[in-house]
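Peer 1: sequence first, then the predicted structure, then my questions.
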Amino acid sequence: MKRYFEVVGEYEELPLLERPRLPMRQTAGSAGYDFYNMYDVTIPAQKEVKIRTGIKVCMPKDEYLALFMRSSMGIKHHLRLVNCVAVIDSDYYNNEDNEGEIIAVVRNEGEEAFTIYRGERFLQGVFTKYCVVDDDDVKGVRKGGTGSTSTD
């Protein structure tokens, strides 16, 4: 199976300059694919905001995409992902009830509001392989978005 990013369907009809930018690495030695903000968003001090990326990702079944705040956002601007590291599973892509748009919940730990502007890089995603135990026999199927892997 191939690995690739694509624009979520609802954004495909936007004029080209308004569509989300696909994530990309900045150097040949970069592990992370930088995600670009698709609209200006201001995060108040000590608050959190959901930021839609307009991007979904397809990858082999034995991989996940780990999302981190870019170092500059965390160190210089006191921003963090609410769950510290977001895990995007391979079955999040185009599942039964959700196209798989990657959405980040970002918290501003600083004392002043901070704006992430359209086109600014704010997240980075790193593809990671994982293993399962030999007797793993899970047959559950994802049917939705965030938090939908529970079978309870």
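Peer 2: That came in fine, so what should we check first? Everything numeric here is computed off the predicted structure, so don't read it as measured data. Residues are numbered from 1 along each chain as shown.
Peer 1: the chain: strands as residue ranges?
Peer 2: For the chain, the strands defined by DSSP state E cover 4-7, 33-36, 41-43, 48-52, 55-58, 63-69, 79-81, 86-89, 103-108, 114-116, 121-129.
Peer 1: and R25, what is it in contact with?
Peer 2: A31, G32, Y33, D34 (Cβ atoms under 8 Å, 6 or more residues apart in numbering). (Each C-beta comes from the backbone N, C-alpha and C, glycine too.)
Peer 1: narrow these to those that are buried.
Peer 2: Listed as buried from the contacts of R25 are G32, Y33, D34; burial here means 16 or more other Cβ atoms under 10 Å.
Peer 1: show me the beta-bridge partners of the second one.
Peer 2: The partner list for Y33 in beta bridges (DSSP bridges) reads G125.
Peer 1: check contacts around it.
Peer 2: F5, P23, M24, R25, Q124, G125, V126.
Peer 1: if any of these are buried, put those into a ChimeraX selection.
Peer 2: Selection of buried members from these for ChimeraX, criterion 16+ other Cβ under 10 Å:
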select :5,23,124,125
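Peer 1: between the contacts of Y33, which is closest to I43?
Peer 2: Comparing the contacts of Y33 against I43 with Cβ to Cβ picks out Q124 as the nearest, at 17.9 Å.
Peer 1: which residue sits closest to the residue nearest the centre of the chain, ignoring its sequence neighbours?
Peer 2: The residue lying closest to the centre of the chain (Cα atoms, centre = their mean) is I102, at 4.2 Å. With Cβ to Cβ, 6 or more residues apart in numbering as the criterion, I102 has its nearest non-adjacent residue at 4.6 Å, and that residue is T53.
Peer 1: the one you found against L123, yeah?
Peer 2: Yes - counting by Cβ atoms under 8 Å, T53 touches L123, with 7.4 Å between them.
Peer 1: which neighbours do these two share?
Peer 2: Contact criterion Cβ under 8 Å, 6+ apart; residues shared by T53 and L123: F35, A104.
Peer 1: run a quick neighbour tally on K2.
Peer 2: Per other Cβ atoms under 10 Å, the neighbour tally for K2 reads 6.
Peer 1: perfect, that will be all.
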